[in-house]
Structure formats: C-alpha cells, structure tokens
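K.L.:
When you get a sec, could you give me coordinates for this:
(chains A and B)
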There are 2 protein chains.
Amino acid sequence: MAQNRKITLTEKEIPHQWYNIVADMPNKPLPPLHPGTGQPIGPEALAPLFPMALIQQEVTTDKWVDIPEEVRDVYTMWRPTPLYRARNLEKALDTPARIYYKYEGVSPSGSHKPNTAVPQAWYNKQEGVRRITTETGAGQWGSALSFACNLFGIDCEVYMVKISYQQKPYRKVMMQTWGAHVYASPTDLTEAGRKVLAQDPDSPGSLGIAISEAVERAAVDPDTKYALGSVLNHVLLHQTIIGQEALVQMEKAGDFPDVVIAPFGGGSNFAGIAFPFLRYKLEGKREVRCIAAEPASCPKLTRGVFRYDFGDTVGMTPLLPMYTLGHQFVPAPIHAGGLRYHGAGVIVSQLLKDGLIEASAHHQLEVFEAGVRFARAEGIIPAPEACHGIAAAIREANRCKEEGVSRTILFNLCGHGNFDMQAYDDYFAGKLVEHHLTDEDIAAALAKLDTPEIA
Amino acid sequence: MAQNRKITLTEKEIPHQWYNIVADMPNKPLPPLHPGTGQPIGPEALAPLFPMALIQQEVTTDKWVDIPEEVRDVYTMWRPTPLYRARNLEKALDTPARIYYKYEGVSPSGSHKPNTAVPQAWYNKQEGVRRITTETGAGQWGSALSFACNLFGIDCEVYMVKISYQQKPYRKVMMQTWGAHVYASPTDLTEAGRKVLAQDPDSPGSLGIAISEAVERAAVDPDTKYALGSVLNHVLLHQTIIGQEALVQMEKAGDFPDVVIAPFGGGSNFAGIAFPFLRYKLEGKREVRCIAAEPASCPKLTRGVFRYDFGDTVGMTPLLPMYTLGHQFVPAPIHAGGLRYHGAGVIVSQLLKDGLIEASAHHQLEVFEAGVRFARAEGIIPAPEACHGIAAAIREANRCKEEGVSRTILFNLCGHGNFDMQAYDDYFAGKLVEHHLTDEDIAAALAKLDTPEIA
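P.N.:
Model (predicted):
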C-alpha cells in the first residue's frame, strides 16, 4: 500500500532565515504617507508603537533575514509543521491533480499566527519592552500573542471586541490560561474607550475601537508597545517560515507546485506560503501561479481599487498603498472573521497590481461545502478562514479534471476549526446565507474614499 | 542554543505491530463470568456485538499482533505523533528530572481515541458490518468513532447522553461534520430508551442508558455492531501504538524512562503508553515504574476492591475481574468526564493486583493547577483528563528535586483542551470544588456490591 501521505521534517530542518520578497520585486512598494501632510513618512514615525528591530524589518530590502536562535528554539514547540499529500481528497474529487497542504493548525493556539507573534514578542523583549497591547476580534491573533508574550515574561493586554468577548468566551479563556489580560472593548481604561462609552454605554464595540484603545495604551506608555497580526511587511516576513519549510518538504516529495493557494485576510497567511515559491518566478527560474482566496463578501482583491487608504477603520494610521474597498467598508458578518478586513497589505497589493499573483473570491456556502468535504476526506476540521483556501484548491483540481491534465496544487491549511463549531452547526442547520454584493454596493463603498489616488 | 525539544518520526517509522502484554503477564487475566450462571464464558458470547477479528484479539495470547497495512495507512493521517522533552516545564519546576511527553492531541478528533477507533472500524468493515453504534458522554469517544467510520463508509450511530448533547453541543457538531448520526439519549428508537422516557419524559440521560440503547441496536440487527472506547483487551492492544512509537523516540533521545505515567479512566490511555515499556520489566531487562493517575473522586485503583463486577452501570454485561468501586458508584461531576468510570480494565487490574504497576489519585484543583502550569510552560492547553498525567508527573519531578536525583519521566499527553475551555473558565473563576470521598462513602459504595468475590 502506498503511503507517502505525510512529509515531516526534524527540528534541525527548521529554516534559519525568513525570505523578504521586497528584494526581488520588480516594482518596490510605494511609501506610506502622513495622513495630515500627504508626504511620505519614514520608519521613525513608527517608533512609539514598535521596537526598532521590527521597524527595520518593515523597511529592509535584504533578501534574507536571519531568524534568531531563541525564536527558532520556540518554533520547535510546534514546528516544523507537517505537509500532507491530500490523497483522500484527490480520490474524492476524482481529479488528476496532485494536492498538497501545509498544516499550521498544530500550533498551540491552532493557527499560523504564532509564527509572527513569537518573533514580535522576542524583539520587544530585547528592547526592554514590558507590555504589549493588541486588539482581537474572534481571538485568533489575541491568543497567539498571549501565548508568545507569556513565554518571554511580557505582559499582554488584549482589547477584545465586546460582542465577541461575550458571545465567544472560549478564546478569551485561552488567552487567560496563557496569562494575558483580556478586556471587553470599549473599556474605561483609555480616552478612546471612555469617549465611546460616554455616547453609548452599551456599545458592542468594534475592531476599530479596539485598535484605538490598544494603540493609545502603547502611545502613552514608553514601556508599552503595540503588535499587529497581519498586513505589515514584517508580519508577512515572519510567516515565510511556512513556505520555506514547504519548499524542503515538496523537494522531499519530489514535486514542485504549479499553483500555490492561501486564504486572504490582510496578507500574511498568503505571503507565508506563497512568497518562497513566488521567488522562483521572480528569479526567472520557474513558472508558478499564486492565488489569494478571499470571501466574496469582502472582495478587495477582486473588486476593490488600488489606492492610498487607511489601515484601520477609523483613519488614524498612515496612508498605505493598497487594494481596498475603503476603510469604512463594513463586511457582512461571515464566520471567517479573520478575513473581514477592508484592505490588503502593501506588498501583496503591489504584486497583484503587477500581475504577479492572482485572486479568487468565494461565497460562504461554497466555502463550508469545501470544508465539510475536506473534513470527511482528510479528517481535519478546518477553520472557516482555512476553508477559503480549500475551496480555491478544489476549483483548481476540478479544472484539472475538466482539462484532463495533472497539476500540482499546494495550499495552506492555516488553522483548525475547534473553536468554530457553531459555524458548522449553522451550516448544517441551513442557517448560513450568501451575502451578495452588487456593483452598486461596491461603487457606494468606493465613493466614500477620499484618500489620495496613486499617480 | 540547545534545541532537541521535539523528536519526530517519519511515517515509515510507524510500528508494524501492536504489543499484547497478556503474553508476558505472570498471572493471566481471569475469565469473564456469565451474569446469570456465574460460569466462565467464552469469546463466542461476544459475537452479537463485535466482529470475530476483534473477539480474537480480545482473547489472544500472541505477544505481537500485526497492524493491517490499511490501518497503518490511516494512522499516517496524524501519526507518528511527536514526543517532546518538556524543557520549559523542567525549568519552571527547577527539577533535576528529565521530563518527556508523548502528544496524542494532534489526531483529527484531538485525543488518543482514534488509535483504536480506526482499527475497530476497519475490522468491522472487513466482516461486512454496515453500521456501528456506541455511546458517548462528553463526546471524545463518539467523535473518534465518527471520524473512523466515515473513512470506511460505515454508518455511525452515537447515543449521546442528553444533558451533554444539550450543554456541550460542539462535539456533537464535530461528529455530524464527519457524517455520524447523533441521538440525544434516551431516544424512542430503542426499547431501553422508550422504557426510560415512559417513566420520565424529561430524563437527562446517563451513560448507562446510552450504553443500553447502543447495545440493543447492535443486538437486534445483524448488520450492526457495537464499539467500546476503553476497558476491553483489544482496545488496550490498539493503543500500544503510542508506547511502541515512544520507545523508538526515547531511543533517539538516548534515554529510557524510569517512570511512565498516564491518566486512568478505563485503562486504554495508560496501557497505550505504559505496556511497551513495562514489557522490559516483565522480560527482566529493566526496572520501570508505571503509574496510573486517577481522579481522587473516582479512586477505583487506590481505594477500590479487586473483585468481579459488571462493566456497565446497569448490570447487563458479563462479570469482569476488576478493581472497582461498584457498578452503581456515581462519581462527582468533575470536568475530566473521561475518567468517571467505576472500574478498571481486566488486564490493568491484574497487573495492579500483582504489584507490577502503581496508581496515584489527584484532586481536581491539583489537576487544573498542573494543567495551567503546563500550558504556560509548554504552550499546549491540555484536556482535563490529560491534566491528571501532568499532575502525577509534577509530583514525581518534585520528588526528584527533594531527593536530589535525576530520573527520566515520560507521560502521555492524551489530548488538547480546546473543547474544555469552560472548565478552565470555572477554574479561574474559583468555581471548581474538591470532591472529598470519606472512608464511609467508599464503604457504602462497596457495600452495594453483590457480585462474586475472587477466590
């Protein structure tokens, strides 16, 4: 019986470097602009919020960045993660395609997020930071950062959107188990929170308010910094550990992907698995298609515009050159909370603009149908975010079948669904609805954009 | 920086055989007795409930049992599981002990249970069985069997205790995701269920009632068999895959355990990791202490008696020679639901009687304190059942410190706590209580035992 299902690496095979795609981009990312002056801003503007080492990573053009040995040591707590040949799924789809997936759900918090939470916490520790603040919606990022801060003895303060805090208490308990302080935002601990509460004492909160609270805490206290779980260049950089491992594993499998796929929220999941393969294309060595799979209800890559916009919903951050639906766009309340972000990270946006990567959009029912199909074939029950990558992979595998050709498809299975069973329950009960955005909806959202166009 | 934290194996290193400790036991297990006649019964009595291949495994004295290649192939979906050196925990405890743990939480259902669910489903499939029934409390076993049956195209019917079905819906959804039919027991599908409902339409159900329903369904339908997740010899046999892998991993680490520890419910978790090491003791090659860690509120090994008793709570099964608190003993409602069983499997009971293994009992607060300590050191948040093994390991590590000696401790981390966050929430909120059993409580429970003494 052929096995060759799971390709494992030893801890000695964990890569020693992250890959920085900026070095190989034909058009480098445009600079961020000051929201008041509209002038390009330098890295020093970020100093109140981030430690210098991370700011340097944000702007570096070095192709390779060494992973500190202490970070590699922590990575051994769950890395290298397994790469699977999805033999059962291939059979279920009756496709000639060879499908592989990298499984990031084996991390302590159950997703790829600790890949960047750990180095972020470590670099902060090196610069004497004693507290890190962040915001979280459903809690994937907040739990990853809680886990990482605990390991280095850093206080972690998580501003969790109040409605999630109340309705989804289990990730909150997870963060507390790792010693974090979790607050239902809006709180009375910050100016921003108090302002909201004065107007509406029963405010359910929002990610925008939570960001304001977390940023304010960091800005007013020199011992406190802020951390972000996606979008920024240094976050994407750290996630390339996924693809760097997958490269070695694909080589052991004697294969190389024709198509690399990942779910798309802010870009770090996608960048993590895709960039190390995209390098071969940028170096002119191999052709490879990279597809970012986004929700049809939040289609910034497939239906948004490339222009300067704010990174947050309230308009406090520098202006970033990104594919966006406008920072005031409010996506439908789909279960894949991690993909409900209005814009795309700067690097990924430039690559899409330059035709070096692709994007696909998926409706919620297609996404859950793909997730259940995957669970029944491969065993693992995926997070709703991860189901987007599966849906895109199934589309490609079906294309192979229609065309009668075999291609190699690799996707990132970024997390398990153990904390998302309510979503599956709703799906089985027929309670999930499609959220159809008309062209008028999109036009109306974009009409609100008053930020600078890109020349 | 020293790494050597995680010892992985490739899928080719998955063992080819299960280890059957019966072959090496100085005193073989006593036979089961017919509850009516009190006479020993043969394996044929089990034929209505189990396929012949499993019945043969139940009584075999062969030392090694080949793992079918198809089962090994399915094992590659999550096996080999990693073995970790708990370097952070050692440091946190400031102990000279070397602590290792085998992590079974990487399976699709998150525990060690699929190790036996998969071969059970496969052997049933070989004999043309079309449906398998079982009972489940919190859902660990039911979800493992659902996963396994789905892979082989067998219908899975799970009778889930109604109160758990209502209060803990997420494992139910997990089972449904893998295509199982999950019923809130008591149901009107069985004579046993209808009888209960006639007396009490609002019955919250019990594991005893659920067993009766599952067994009845199997007994009346020739295409349907029944499956059990612990206690029986063939279940223990399948779980030895854990220890067989750990043997190879400990050898790669250049170490061998002085102490092997696992949580104890019915015995399969403990047998799984301990028996392959205990073999060295039975063969006279090495000394090794094996400790079964049970809840202080269900102390059959440390405070029960060795005598014939029923395997179920209602008294339908054959009489088994076991350490027991009496089949009518109702344990306190601790969060470690998987350990709330009145008796111990036959093989483990005989080994304890013969002084070849040990047992320790742990109160709930000690258990959760150990779990949180572990989560903060090693990252993984353990299931409440798994915390019992951790608590016992910490006791042994502390003894090493007191005595100033270094010993090697290995324990089985049998599952993650992703579906148990309410228990951690209760712990942090100070809502968990100790359940103290007095000598009078134990005596009163044992006084109800009217089954045959062991000569």
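
K.L.:
do stretch A:10-18 and chain B meet at all?
P.N.:
Yes. Using C-beta under 8 Å from any C-beta of the partner chain, stretch A:10-18 reaches chain B at A:10, A:11, A:12. C-beta coordinates here come from the backbone N, C-alpha and C atoms, glycine included.

K.L.:
So the first one sits against residue B:8, correct?
P.N.:
Yes. With the criterion set as C-beta atoms under 8 Å, residue A:10 and residue B:8 qualify as a contacting pair; they are 5.7 Å apart.

K.L.:
what sits in contact with each of the two?
P.N.:
Common neighbours of residue A:10 and residue B:8 (criterion: C-beta atoms under 8 Å, 6 or more residues apart in numbering or on different chains): residue A:80.

K.L.:
Compare neighbour counts for the two and give me the winner.
P.N.:
The residue with more neighbours, out of residue A:10 and residue B:8, is residue B:8; 18 against 15, by other C-beta atoms under 10 Å in any protein chain shown.

K.L.:
Okay, that one and residue B:78: tell me how far apart.
P.N.:
From residue B:8 over to residue B:78 the distance is 13 Å, taken as C-beta to C-beta, to the nearest Å.

K.L.:
same check, this time on residue A:53
P.N.:
Note on residue A:53: its distance to residue B:78, by C-beta to C-beta, is 37 Å.

K.L.:
So for these two, which sits in the more crowded spot?
P.N.:
More neighbours surround residue B:78 than the other of residue A:53 and residue B:78, with 23 against 17 (other C-beta under 10 Å).

K.L.:
show me where the stretch 101-250 of chain A has strands.
P.N.:
Listed in chain order, the strands of the stretch 101-250 of chain A (DSSP state E, counting those that start in this stretch) span residues A:131-136, A:155-161, A:181-185, A:224-226.

K.L.:
could you dump the ones you listed to TSV with mean neighbour count?
P.N.:
What follows is the strands of the stretch 101-250 of chain A, written out as TSV (neighbours: other C-beta atoms under 10 Å in any protein chain shown):
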stretch	mean neighbour count
strand A:131-136	27
strand A:155-161	26
strand A:181-185	22
strand A:224-226	23
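
K.L.:
Quick check: which of those strands is nearest to chain B?
P.N.:
Nearest to chain B, of all the strands of the stretch 101-250 of chain A, is strand A:181-185, at 11.1 Å by C-beta to the nearest C-beta.

K.L.:
Now do the contacts for the residue in the stretch 201-350 of chain A that chain B sits nearest to.
P.N.:
The stretch 201-350 of chain A approaches chain B most closely through residue A:252 (9.7 Å), counting by C-beta to the nearest C-beta. Shown in contact with residue A:252 (C-beta under 8 Å, 6+ apart): residue A:7.

K.L.:
Phi first, then psi, for it.
P.N.:
phi -60, psi -30 (degrees, to the nearest 10).

K.L.:
List, one by one, the residues from the stretch 1-150 of chain A near chain B.
P.N.:
Contact residues (C-beta under 8 Å from any C-beta) of the stretch 1-150 of chain A with chain B: A:1, A:3-6, A:8-12, A:69-70, A:72-73, A:76-78, A:80, A:88, A:106, A:108, A:110, A:147, A:150.

K.L.:
Please pick the buried ones from the residues you listed.
P.N.:
Among those, those buried by neighbour count (16 or more other C-beta atoms under 10 Å in any protein chain shown) are A:3, A:5-6, A:8-9, A:11, A:70, A:72-73, A:76-78, A:80, A:88, A:106, A:108, A:110, A:147, A:150.

K.L.:
any idea of the pLDDT on the closest residue to residue A:4 other than its chain neighbours?
P.N.:
Distance criterion C-beta to C-beta, 6 or more residues apart in numbering or on different chains; nearest residue to residue A:4, sequence neighbours excluded, is residue A:85 at 6.4 Å. On pLDDT, residue A:85 comes in at 98.
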